[in-house]
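> okay, here's the prediction I keep looking at, along with the sequence it came from:
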Amino acid sequence: MSQNSEPIIKIRNIHKRFHTLRGTVHALNNVTLDVMPGEVVVVVGPSGSGKSTMLRCINRLETIDGGSIVVDGIPLTGARNINKVRAEVGMVFQSFNLFPDRTALGNIMLAQRVVRKRRRAEAEAKAHDLLVKVGIPEKADAYPGQLSGGQQQRVAIARALAMDPKIMLFDEPTSALDPEMIKEVLDVMMALAKEGMTMIVVSHEMGFARAAADRAVFMDMGQIVEEDVPDVLFSNPSHERTKLFLSKIL
Amino acid sequence: MPDESSRTDPVQPASVLPPEHSGEGIPEPSAYERTIGWLASLPWWAIILGVVAVAVLYSMLTSVAYQRVIRFLTDDPQSSTTDLFSVVQIVGEPQSIIGRYVGETEDSVQTVIYNLLDDVIDHHLVTQTGFIESESPAAITVRTLDNQLITIPKDRIETEERTEDRDGVRITLTYIDRVTVTGIMTDRDDDTMTIRTVNEETTTFSTDRILSRESTVIPCDTDANPGCEDREVVTIERQGEIITGTLNTLSQTNMSLALPGGDTREIRQSDVDYFHVPTLTIAINQDRADQAIAPGDEVRIAFVEGTDITAALEELNSLEDIPVPLQYADGEARAALVSYPDIDAALEATGTGEVSGLVYLASDEDRLAVADWMDENPDSGVILPTPPRECQRGCEVTVKLVDETISGAVLEETDDEITVQTVAPEFVVLDRDSILENRRMEPGVCALNNLRGCNAGIFLTLRVTFIAYALALLIGLIIGLMRVQHNPFLYAFSTLYVEVIRGIPLLVILLYAGFVVSPWLRDNTPISLSDEWEAIIGLAFGYGAFIAEIFRAGIQSISRGQMEAARSLGMSYPQAMRYVILPQAVRVVLPPLGNDFIAMLKDSALISVLALPDLLQLGRLYVSRTFRAFEGYNTVAILYLLMTLFLSMLVRIIERRSRLPG
């Protein structure tokens, strides 16, 4: 997509270990990844391969034990105000994590008011625009408990977009959804990709990957095994592990 | 973008349905039908309990004894009062002093004022003598020419002007003179404050008591006070009041009567003209008195028909030096009371041994009846174990107070009654700007239009509970937030607080607050806690630990994803706590918080150990005064119950209100 020479996300040799009662899990092992502005990267891999951990490291929901991450020119390890970085990086969770005590509109407005210090009218107008964009303007006053999973996830995407992020991270956004609701979420993501948003998507939606992604990354055992154009990676993988994994899910 | 969401729409709330859908031909049930339906759905025991409760409450509210307890426990409120506050205000108005200045040194000021300026002050006031007064650097004392010493603190001097002439230094001081106004605030608006400095005194009495009456007219000084009216002042010699009641106590200086209405009245002996106290006579048969008596035997005691013998029997019971058979007490002998038409018949029966003894309460005229009879029948065998004496307690007495002379203005007069104002009230209207110092402002008497003045009983319990709970919520919230921090100091400190406080009985914490912390603060800091605040702080710290644990549990019950979502949107930790986690946590912890509130209302009964007149303490006081334990504690229990039931209803409503849709 964009031909800028400088990547917006630079991940260099990061390591992440989790210490549990049963011992140490090496969740990320020497992972290096660059994402260019406007690029859409799909990350696939078996459960426990470190896909989500990598995503969470990018907005420092997890700290890294080694290596470096630079987001939009700001090194995360030394970032003094991590909240500024986070506001530039939107994140969508598998379990939506909407605030259950606020309406859809309230969910989208909260961070705008608190973090971006926007006026109420401004935040409300923005929230309405975003609800139109994700296709559920009529649900503005509904509480998360009154929404279906697909609607909730779309509100969650709108909530992240309200901060005008430069990067969007999607952590298995459709895994918790019923099959017939997946499409409505993917449509929103597809539209976002077409607008040139930089996205990293952890997902096994091959259709979405083929249609929208510039690059697909296969991770296993905390390492990036292989990366390529989605069509190539999915139809003609070069590594045995990738082939094995793809044969299981396709 | 296709919208497939309508299929999964949740059920719409009923309120948004168009009305024609709400009842297909079924009419909305009326309030009466709904009430009947609700009653019918209750279990049988609830209905029985409800009926019993209503019956008990009705009989309580209509019983004079219970009404009296309730009045006592609610700080005896009046229906209305003008005594909103009792106040002491310092007001000032500028004054000038002019004189001659002699000089001052570093630690003292010597001022001589021997000549007031002729053009300012009336000529005849001026004398040529001077006085030297020394004062500390804080104040100047000047002696004016009319020989008055005035000490003016230097901080009150507004302007000071010194001029030299051939006699020395002339000093002109403008200072603020302070006046203290003490009284009862009766009215207040934005600019002024009306204070009644002298209370009105009126007396209302029957016109039958007027012995003589004179009236004089005091003409009005129209020069000083234009528009005033002449006042008529009456002087009435009034016959002393005649009071009849049951004697409670009788001493050399005082007597206390229980009046028929249930009130008691203390009367000083010096106010008493004369009073009649019946004479109590106890006579016994000599032979019977010497006989032994077995437990359970019946002792026949005579009394005269129609006389009041309860006091006499009580008296008889308290006499310890009379022979055994007349001991009127359980376990020794049963008393069988036998009535006789008159005292002679009763004495005769005593003499014949028909009865063992007699009790007789004689009014003034026939107090000598027994002695007369004994003189006439010297061999009757009747003896008096103790000489006849005045009844000490329990019998009916009549007291006549001394006549007195009163004077004042007649406020109201009918054929039967007259109301005389013996002391006219005096009011001072203060300009609120001129108030220099608000020395003291205390709520006046407890009344329905001045609830600020209600301090005792149920009011104290409610006030202490509400303030203490608000403080406990604050403490609990802070400590609860500290308990979920990773900072080891905050975590350790809050855990220590919770564990220590939770492990000590609330009563001990209250005693600590009242007798350890508060005296220490008084000795070592300028903080002086009132009893009420000791109780509030004790309760707040005691409950803070429990509420902290509730908040901690509530915060931890919110899924981690909420915090992550908030942080990923760029919120700081405090922002995420404040806007995302706490609002949800509070919903979760509302029921246990409501529980704790009700528990605290009940535990506030413990503050009576700090000698605070709370509901329980007043109840105990009432019981110890009247020995009516049943009514006293019943009322205390029911008042607590009513308050907690009301609160739990309130808590339930709040919970329902805070429930999220969907």
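Happy to help now that I have it.
> for chain A, what spans make up the helices?
A:51-58, A:82-88, A:104-114, A:120-133, A:149-161, A:179-194, A:206-212, A:230-235, A:240-249 (DSSP state H).
> nearest to residue B:239, of the ones you listed?
Evaluated over these, closeness to residue B:239 peaks at helix A:120-133, with 79.9 Å, by CB to CB. C-beta: built from backbone N, CA, C; applies to glycine.
> quick one: mean pLDDT for that closest one?
What helix A:120-133 shows for mean pLDDT is 93.
> let me know which of the helices of chain A is tucked in deepest.
Of all the helices of chain A, helix A:149-161 has the most neighbours on average by mean count of other CB atoms under 10 Å in any protein chain shown, namely a mean of 26.
> quick one: average pLDDT of that helix?
Helix A:149-161 comes out with an average pLDDT of 93.
> is any part of it close to chain B?
Yes - part of helix A:149-161 sits near chain B under the criterion CB under 8 Å from any CB of the partner chain, namely A:150, A:151, A:156, A:159, A:160.
> would CSV of the residues you listed with distance to residue B:86 be doable?
Compiled in CSV, the residues of helix A:149-161 next to chain B are given as follows (distance: CB to CB, whole Å):
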residue, distance to residue B:86
A:150, 70
A:151, 65
A:156, 63
A:159, 60
A:160, 64
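> and of those, the nearest to chain B?
Chain B lies nearest to residue A:151 out of these, by CB to the nearest CB, at 5.2 Å.
> the helices of chain A: which one's closest to residue B:393?
Ranking the helices of chain A by proximity to residue B:393 (CB to CB) places helix A:104-114 first, at 75.2 Å.
> which one of the residues of helix A:149-161 next to chain B is nearest to residue B:557?
Of all the residues of helix A:149-161 next to chain B, the one with the least separation from residue B:557 (CB to CB) is residue A:156, at 21.4 Å.
> now the closest one: how far from residue A:162?
Noted for residue A:156: a distance of 11 Å to residue A:162, by CB to CB, to the nearest Å.
> tell me how many other residues crowd residue 63.
Just going to use chain A. 10 (other CB atoms under 10 Å in any protein chain shown).
> oops, I was thinking of chain B
Residue B:63: 13 surrounding residues under other CB under 10 Å.
> list the contacts for it?
Shown in contact with residue B:63 (CB atoms under 8 Å, 6 or more residues apart in numbering or on different chains): residue B:631.
> 10 Å instead?
Residues near residue B:63 by CB atoms under 10 Å, 6 or more residues apart in numbering or on different chains: B:69, B:70, B:631.
> Serialize those to TSV and add fields for neighbour count.
As requested, those are arranged in TSV below (neighbours: other CB atoms under 10 Å in any protein chain shown):
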residue	neighbour count
B:69	25
B:70	19
B:631	19
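> show me which of those residues is closest to chain A.
Lowest distance from chain A to the contacts of residue B:63 (CB to the nearest CB) belongs to residue B:70, with 43.3 Å.
> part of a strand, is that closest one?
No - per DSSP: H, G, I helix; E, B strand; the rest coil, residue B:70 lies outside any strand segment and is helix.
> element containing the closest residue in space to it that isn't next to it in sequence?
Sequence neighbours aside, residue B:635 is the residue nearest to residue B:70 in space, at 5.9 Å (criterion: CB to CB, 6 or more residues apart in numbering or on different chains). Assigned by DSSP states H and E, residue B:635 belongs to helix B:629-658.
> how about that helix, which residues are buried there?
By 16 or more other CB atoms under 10 Å in any protein chain shown, the buried positions in helix B:629-658 come out as B:631, B:632, B:633, B:634, B:635, B:636, B:638, B:639, B:640, B:643, B:647, B:651.
> closest one of the residues you listed to residue A:201?
residue B:651 (46.8 Å).
> am I right that the closest one is in contact with residue B:594?
Yes - with contacts counted by CB atoms under 10 Å, residue B:651 reaches residue B:594, the gap being 3.1 Å.
> so is the helix or strand bottoming out on mean pLDDT in chain A next to chain B?
Of all helical and strand segments in chain A, the minimum by mean pLDDT, DSSP states H and E falls on helix A:82-88, at a mean of 81. Yes - using CB under 10 Å from any CB of the partner chain, we find that helix A:82-88 touches chain B at A:82, A:83, A:84, A:85, A:86, A:87, A:88.
> residues contacting the third one?
It refers to residue A:84. Taking CB under 10 Å, 6+ apart, we find residue A:84 in contact with A:72, A:74, A:115, B:570.
> how much space between it and residue A:163?
Applying CB to CB, the value for residue A:84 to residue A:163 is 11 Å.
> between the two, which contacts overlap?
Residues within reach of residue A:84 and of residue A:163 at once, by CB under 10 Å, 6+ apart, are A:115, B:570.
> what count of nearby residues applies to the closest residue to residue B:71 other than its chain neighbours?
The shortest distance from residue B:71 to any non-neighbouring residue, by CB to CB, 6+ apart, is to residue B:77 (7.7 Å). Counted by other CB under 10 Å, the residues lying close to residue B:77 total 19.
> can you check the one 10 residues further on too?
By other CB under 10 Å, 22 other residues sit near residue B:87.
> which of the three states applies to it?
Under the three-state scheme (three-state DSSP), the conformation of residue B:87 reads as strand.
> who's it bridged to?
Judged by DSSP bridges, the bridge partners of residue B:87 are residue B:183, residue B:441.
> measure it to chain A for me?
Using CB to the nearest CB, to the nearest Å, residue B:87 is found at 46 Å from chain A.
> that residue contacts residue B:182, correct?
Yes - using CB under 10 Å, residue B:87 makes contact with residue B:182 at a distance of 7.4 Å.
> so where's chain A shaky on pLDDT?
A:1-5, A:78-79, A:250 (pLDDT under 70).
> if we use 80, what do you get?
Within chain A, the ranges that satisfy pLDDT under 80 run A:1-5, A:77-84, A:249-250.
> report the contact partners of residue A:106.
For residue A:106, the contacting residues are A:98, A:99, A:113, A:123, A:124, A:127, A:140, A:141, A:143, A:144, A:159, by CB under 10 Å, 6+ apart.
> wouldn't the fourth one be in contact with residue A:164 here?
The one in question is residue A:123. No - judged on CB under 10 Å, residue A:123 makes no contact with residue A:164 at a distance of 12.0 Å.
> what touches both of those two?
With contacts defined as CB under 10 Å, 6+ apart, the residues adjacent to both residue A:123 and residue A:164 are A:112, A:116.
> tell me how far residue B:634 lies from chain A.
Remark: distance between residue B:634 and chain A (CB to the nearest CB) = 45 Å.
> up against chain A, what does the stretch 501-650 of chain B have?
With CB under 10 Å from any CB as the criterion, the stretch 501-650 of chain B comes near chain A at residues B:558-573, B:575-576, B:578-581, B:583-584, B:586-587.
> now residue B:423: how far from chain A?
Residue B:423 sits 64 Å away from chain A, going by CB to the nearest CB.
> right, and residue A:238 touches residue A:228 too?
Yes - counting by CB under 10 Å, residue A:238 does reach residue A:228; the two are 8.0 Å apart.
> comparing these two, which residue is more hemmed in?
Set residue A:238 next to residue A:228 and count neighbours by other CB under 10 Å: residue A:228 wins out with 16 against 11.
> skipping adjacent residues, who's closest to the more buried one in space?
Going by CB to CB, 6+ apart, residue A:228 has residue A:216 as its nearest residue, at 6.4 Å.
> contacting residues around that neighbour?
Counting by CB under 10 Å, 6+ apart, residue A:216 has contacts A:40-44, A:201, A:206, A:209-210, A:226-234, A:237, A:242.
> now with 7 Å?
With contact set as CB atoms under 7 Å, 6 or more residues apart in numbering or on different chains, residue A:216 has these partners: A:42, A:44, A:209, A:227, A:228, A:230, A:233, A:234.
> now residue B:341
Residue B:341 sits next to residue B:305 when contact means CB under 7 Å, 6+ apart.
> endpoints of stretch B:499-509, how far apart?
End-to-end distance for stretch B:499-509: 13 Å, by CA to CA, to the nearest Å.
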